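> From the sequence below, what's the structure:
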Amino acid sequence: MGKIIWRQISDIREHQYETLGIGSNNLFHIDVELVVDATRHDGLARFINHSCDANCYTKIITVEGQRKMAIYLKCPIAAGEQLTYNYKFPLEEAI
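Now for the predicted structure:
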């Protein structure tokens, strides 16, 4: 969930969020031009934590013509087990 914005706008918002002490960890690149800003419009995925040894992974998919970020399980996960994914997307590492 979130608002899809241009990368230039996300750069401005990231600076504003950092200045306000909000943090910018809810900005997700869909591609080189578009970013999902889930800072104020987030879903339950906000409770998924970061791990370099994650049990979930992210993938950009297209749903009804719109690009979205989806989270998939890498392995079976037991009830009560913490969900984790690596917040760094390959695209973000290349930007």
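
> which strands and helices sit next to the biggest helix by length in the chain?
For the chain, the helix with the greatest residue count under DSSP state H is helix 7-20. In terms of contacts (3 or more CB pairs under 8 Å, 6 or more residues apart in numbering; DSSP states H and E), helix 7-20 is packed against strand 27-29, strand 34-37. Any C-beta I mention is one placed from the backbone N, CA and C, and that applies to glycine too.

> Any idea which of the ones you listed has the lowest pLDDT on average?
Note on the helices and strands packed on helix 7-20: strand 27-29 shows the lowest mean pLDDT, a mean of 83.

> buried set for that strand?
By neighbour count on 16 or more other CB atoms under 10 Å, the buried set for strand 27-29 is 27-29.

> For Thr62, give me its contacts.
By CB atoms under 8 Å, 6 or more residues apart in numbering, the contact set of Thr62 is Lys68.

> Please name the bridge partners of it.
On the basis of DSSP bridges, Thr62 is bridged to Arg67.

> Point to the residue nearest the middle of the chain.
Phe28 (3.9 Å; CA atoms, centre = their mean).

> Give me the nearest residue to that one, chain neighbours excluded.
Excluding the flanking residues, the one nearest Phe28 by CB to CB, 6 or more residues apart in numbering is Val36, at 4.6 Å.
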